[in-house]
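> Here's a sequence, model it:
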Amino acid sequence: MTTVLVTGAAGNVGRHVVRCLLERGIDVVAASHDAAKVRELFGETVAATRLDFLDRSTWPGALGGATRMFLMRPPAIADVKNSINPFADFARERGVDHVVFLSVAGAGKNKVVPHRKVEDHLRLGGEHHTNLRPGFFAQNLESAYRRDIAEDGRIYVPAGRKQPVNWIDARDIAEVAALVLAEPEVHRGQSYTLAGPGAVPWSEVTDALTSALGRTIVYEPASVLGYVRHLSRRGLPRGAILVQTILHFLLRFGQGATDDPTLEELLGRPGRTIRQYIEDHAAVWQRPVDPVAAPTSASSGRGAPGS
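A predicted model of the protein is given here:
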């Protein structure tokens, strides 16, 4: 039987890859830096294991007899030459005959991004790999923007006003990954650019949020300096601030508007729209519940404001 090792199994994409593989009846070894979180998500349906690309002592136990692998780069790891690439070699030596790597849109032309270095390394080993190059994740709304939407009723990024964004749902990326892992011989050596069903303006995103949440959400373009200060006040580390600022600034120049039919061709249907994603996850952006003061015996609760 086929067994697939899913790295980053507790993450935005990895958790959906695990679910899609299980739906196909494929055995899964679910690896994460935090194996307890994997067990919390999936219980006994998978073999949960700890994997740290920077700790080679975790590598043998993580493989679990897998013959195929979903590989992703943790955002904190930039030096792939001494971490992810040697892990890929280690996995190949121990029987993994196909790797699906979660890359990024534009990696084919951009030699600077660490994803390209992983792609190049996998290519040296032959065609026993498939690169997935998705565009701008819908899940950014529930990670990078969640507090701003829930607490401030806004999306605040330095992306300008005019450039639309083509959002792709991680659930669709996961379906493609599972499809490839189920039939790798059809996809060996391929690199697939994956995009959503079409670029939309920020106003369409905030309109969908407003409708789903029942309160007004606005888009407020940030200056680069204002955004850096905002993330700093949020307590993000410098490295994360730099990455997020560059990522969103590049949206001004169309970096998030990637359009490609490959996802629809592979799945036989269009990708989920950003409105579908928001409607499915509305609970994520609910406001924090304010504590309710207990009534006192001296108050009827009907006094004038400020009394």
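
> what about stretch 187-204, average pLDDT?
For stretch 187-204, mean pLDDT rounds to 97.

> in it, what's buried?
187, 191-197, 199-200, 202, 204 (16 or more other C-beta atoms under 10 Å). (Glycine included, C-beta is placed from N, CA and C.)

> Same check on stretch 240-254?
Neighbour-count burial for stretch 240-254, with 16+ other C-beta under 10 Å as criterion, is recorded at 241, 244-245, 247-249, 251.

> likewise stretch 115-130?
115-119, 121-122, 129-130.

> Ok, stretch 15-29 next?
Buried, per 16+ other C-beta under 10 Å, within stretch 15-29: 15-22, 26-29.

> CSV for those residues, including distance to residue 85, secondary structure and pLDDT?
Listed next are these as CSV, based on distance: C-beta to C-beta, whole Å; DSSP: H, G, I helix; E, B strand; the rest coil; pLDDT from 0 to 100:
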residue, distance to residue 85, secondary structure, pLDDT
15, 24, helix, 97
16, 25, helix, 98
17, 21, helix, 98
18, 24, helix, 98
19, 28, helix, 98
20, 26, helix, 98
21, 24, helix, 98
22, 29, helix, 98
26, 26, coil, 97
27, 26, strand, 97
28, 23, strand, 97
29, 20, strand, 97
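
> Show me which of these is closest to residue 218.
Proximity of the buried residues of stretch 15-29 to residue 218 (C-beta to C-beta) peaks at residue 16, which lies at 29.6 Å.

> Look up which helix or strand the nearest residue to the closest one once chain neighbours are set aside falls in, please.
In space, and not counting its chain neighbours, residue 16 is closest to residue 174: 3.4 Å by C-beta to C-beta, 6 or more residues apart in numbering. Residue 174 belongs to helix 170-182 when elements are defined using DSSP states H and E.

> Which residues does that helix contact?
2, 4, 12-13, 16-17, 19-21, 23-24, 26, 68, 70, 98, 100, 102, 130, 132, 134, 137-139, 186-187, 192, 194, 196, 263, 266-267, 271-272 (C-beta atoms under 8 Å, 6 or more residues apart in numbering).

> export the helix-or-strand element of the chain with minimal mean pLDDT as CSV, just CAs?
In the chain, no helix or strand scores lower on mean pLDDT, DSSP states H and E than helix 238-250, which sits at a mean of 89. Extracted in CSV, the C-alpha atoms of helix 238-250 (Å, rounded to 0.1, in the frame of the first residue of the first chain):
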residue,chain,number,x,y,z
ARG,A,238,11.6,41.7,12.2
GLY,A,239,12.0,38.9,9.7
ALA,A,240,8.3,38.4,9.5
ILE,A,241,7.7,42.1,9.2
LEU,A,242,10.2,42.3,6.3
VAL,A,243,8.6,39.4,4.4
GLN,A,244,5.0,40.5,4.9
THR,A,245,5.9,44.1,3.8
ILE,A,246,7.7,43.0,0.6
LEU,A,247,5.0,40.5,-0.2
HIS,A,248,2.2,43.0,0.0
PHE,A,249,4.1,45.9,-1.6
LEU,A,250,4.7,43.6,-4.7
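
> so what does it touch, helix or strand wise?
Secondary-structure packing of helix 238-250 (3 or more C-beta pairs under 8 Å, 6 or more residues apart in numbering; DSSP states H and E): helix 224-233.

> Determine the three-state secondary structure at residue 130.
strand (DSSP: H, G, I helix; E, B strand; the rest coil).

> Quick check: it touching residue 191?
Yes. Using C-beta atoms under 8 Å, residue 130 is in contact with residue 191, at 7.5 Å.

> circling back to that earlier point, nearest to residue 107, out of the buried residues of stretch 187-204: which one, please.
Taking the buried residues of stretch 187-204 together and measuring to residue 107 by C-beta to C-beta, the closest member is residue 191, at 7.9 Å.

> for residue 194, phi and psi?
phi -120, psi 130 (degrees, to the nearest 10).
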